[in-house]
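**Q** Fold the following and give me the result.
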Amino acid sequence: MVEWDWYSYFLFGGALVFAFVFLYQYDLLKGKDEFLYLLIGLLPCLCLYAFRSPDVGQDLVRYAGHIEFAKFGAKFYFFYVTGGIALEPLSRLVMFISYHLGGIQPFIILSSVIQYIFIFIFLRKLHLKGYNVAIIFLIYFSVIMLRSTSMVRNGLAISASFCAYSYLLDKDQKGGGYWLYSLLAFGFHNSAILNIPVYFICRPVRGGYWDKFSNIAFKLISIISVFLLFFALKTGLLGGVISSVADGRYAHYEMSDSWGYGNILIRLPLLFIFGFYLKNLMKIYGQNIISLFYLMIFDLVVSQARYIYSDIERFTQYTAFGEIIFIALFYEFIRRKNANFPFQFLIYPIVVTYFTFYIYRWAIIGHYGIMPYRFMSW
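**A** Sure, this is the predicted structure:
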């Protein structure tokens, strides 16, 4: 049984306090590209991940085994026996390089640096749009990063995907940046395939008649397709396919007997608040903020995936982008409307609660190997 470790809790918490101090100063410089504050603020959290021991992260033992396969050479490592290109090539590349640098410890360092490059990119982009990134990072760290201690490839894909999702908030909706980062994300983990329906569902409806018609049609087709997929999984229609995938890639798919109605009830209040204030938020942050609203609606669908097969829960971390950004924006919006009320006495306990809940969930309930934290051996 994993026991709660206060040293680990305060170590991560201290890094977040340091990050908040610098990112708060960064937020005060809205629209200005003083990214040195962002770079320094993220540094302690980066060091905690880059210099952690291989004992910190339950799945790192499995990663170490995969890295060892690189000894058979590049041809074996990047291509199947049939000659086809192996899946998740960017993850394989990081592991291949790590093998030649010494094994699992270089892999931890390389993967952590890459992930924090993605974090730096999407936080900087959001900052230049006028968003407060301090709260965004604190919630992101709690919900996404802590779990990435073990689920490294998935964490890389989610961070790259968040870079992609930030392009949904651009006035220019060409989509090039979105698909570039989505392709990078898919190179790290197959679950980034979710970015395809996310794009068509979350794009703002604009343009002429046919543009609006095709946009709405793609939204409906994407949502219906995901619904049908989940229903087919739940009823066992794709049992043979799932078994085949599980045997080859993921051997721990566990089916649930619940339909997760409580999960929907938990998400509805936040979605209702967003819908109620949507017009006001669009006046401040632009019309494209509606993309986050669409994403939170889609999250209602995706969040039900965990009640089909528990391992599909990783998809919900992608759609959590809408919730994470909205909480930060809504805090700033309410604070502006009621400037005399000390809202910091509300938001700080909320953020601490997020961090405490998720570190307990991932470390104690989820057994992801976060506690006890140990630094690498020098």
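**Q** got a list of what residue 18 touches?
**A** By Cβ atoms under 8 Å, 6 or more residues apart in numbering, residue 18 lies in contact with 41, 44. Glycine gets a C-beta too; all of them are placed from N, C-alpha and C.
**Q** and with 7 Å instead?
**A** For residue 18, the contact set (Cβ atoms under 7 Å, 6 or more residues apart in numbering) comprises residue 44.
**Q** residues near the residue lying closest to residue 268 once chain neighbours are set aside, how many?
**A** Leaving aside its sequence neighbours, residue 268 sits nearest to residue 300 (Cβ to Cβ, 6 or more residues apart in numbering; 7.9 Å). Applying other Cβ atoms under 10 Å, we find 14 residues neighbouring residue 300.
**Q** Likewise for residue 68?
**A** 13.
**Q** Model confidence score at the nearest residue to it once chain neighbours are set aside, please.
**A** Nearest-residue entry for residue 68: residue 99, 7.1 Å, with adjacent residues in sequence omitted and distances by Cβ to Cβ, 6+ apart. Predicted confidence (pLDDT) for residue 99: 91.
**Q** returning to what we had before: name the helices or strands packed onto the helix or strand hosting the residue nearest to residue 268?
**A** Under the criterion of DSSP states H and E, residue 300 resides in helix 290-302. Packing partners of helix 290-302 (3 or more Cβ pairs under 7 Å, 6 or more residues apart in numbering; DSSP states H and E): helix 195-202, helix 209-234, helix 261-276, helix 278-285, helix 316-337.
**Q** residues in contact with it?
**A** 168-169, 198, 201-204, 223, 226-227, 264, 267, 271, 274-275, 278, 282, 315-316, 319, 321-323, 325-326.
**Q** middle-most residue in this protein, spatially?
**A** Geometric centre of the chain, nearest residue: residue 158, 3.8 Å, by Cα atoms, centre = their mean.
**Q** who are the neighbours in contact with it?
**A** 144, 317-318 are the contacts of residue 158 under Cβ under 7 Å, 6+ apart.
**Q** which of those residues count as buried?
**A** With burial judged by 16 or more other Cβ atoms under 10 Å, the buried subset of the contacts of residue 158 is 144, 317-318.
**Q** Reformat these as CSV; add pLDDT and distance to residue 57.
**A** Output for the buried ones among the contacts of residue 158, formatted as CSV (pLDDT from 0 to 100; distance: Cβ to Cβ, whole Å):
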residue, pLDDT, distance to residue 57
144, 91, 15
317, 86, 16
318, 89, 21
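**Q** got these as JSON lines, with distance to residue 162 columns?
**A** Formatted as JSON lines, those follow (distance: Cβ to Cβ, whole Å):
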{"residue": "144", "distance to residue 162": "8"}
{"residue": "317", "distance to residue 162": "10"}
{"residue": "318", "distance to residue 162": "8"}
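**Q** Nearest to residue 353 among the residues you listed?
**A** residue 144 (16.6 Å; Cβ to Cβ).
**Q** ranges for the helices of the stretch 101-250 of the chain?
**A** 104-128, 133-140, 146-148, 152-166, 176-188, 195-202, 209-234, 239-248 (DSSP state H, counting those that start in this stretch).
**Q** mind giving me CSV with these and columns for mean pLDDT and distance to residue 11?
**A** Listed next are the helices of the stretch 101-250 of the chain as CSV, based on pLDDT from 0 to 100; distance: least, Cβ to Cβ, whole Å:
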stretch, mean pLDDT, distance to residue 11
helix 104-128, 95, 16
helix 133-140, 93, 15
helix 146-148, 91, 12
helix 152-166, 94, 19
helix 176-188, 93, 27
helix 195-202, 88, 33
helix 209-234, 71, 39
helix 239-248, 50, 36
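**Q** out of these, nearest to residue 38?
**A** helix 104-128 (6.0 Å).
**Q** quick one, that closest one and helix 176-188 angle?
**A** Angle, helix 104-128 to helix 176-188, by axes from the mean of the first three to the mean of the last three Cα atoms, to 10 degrees: 160 degrees.
**Q** Just the buried residues of helix 104-128, please?
**A** 104-112, 114-116, 118-127.
**Q** That helix - contacts with which helices or strands?
**A** helix 36-50, helix 60-68, helix 89-101, helix 133-140, helix 152-166.
**Q** Can you check which of the ones you listed gets nearest to residue 374?
**A** It's helix 36-50; of the helices and strands packed on helix 104-128, that one is closest to residue 374 (Cβ to Cβ) at 10.9 Å.
**Q** Can I get that closest one in PDB? Just the C-alpha atoms.
**A** Taking Å, rounded to 0.1, in the frame of the first residue of the first chain, the C-alpha atoms of helix 36-50 are listed here in PDB:
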ATOM      1  CA  LEU A  36      12.100  35.300 -18.900                       C
ATOM      2  CA  TYR A  37       9.500  35.300 -16.100                       C
ATOM      3  CA  LEU A  38       7.900  32.300 -17.600                       C
ATOM      4  CA  LEU A  39      11.200  30.500 -18.200                       C
ATOM      5  CA  ILE A  40      12.400  31.000 -14.600                       C
ATOM      6  CA  GLY A  41       9.000  30.200 -13.100                       C
ATOM      7  CA  LEU A  42       8.800  26.800 -14.800                       C
ATOM      8  CA  LEU A  43      12.400  25.900 -13.900                       C
ATOM      9  CA  PRO A  44      11.900  24.300 -10.500                       C
ATOM     10  CA  CYS A  45       9.100  22.100 -11.700                       C
ATOM     11  CA  LEU A  46      11.200  21.100 -14.700                       C
ATOM     12  CA  CYS A  47      14.100  20.100 -12.400                       C
ATOM     13  CA  LEU A  48      11.800  18.000 -10.200                       C
ATOM     14  CA  TYR A  49      10.800  16.000 -13.300                       C
ATOM     15  CA  ALA A  50      14.100  16.000 -15.200                       C
END
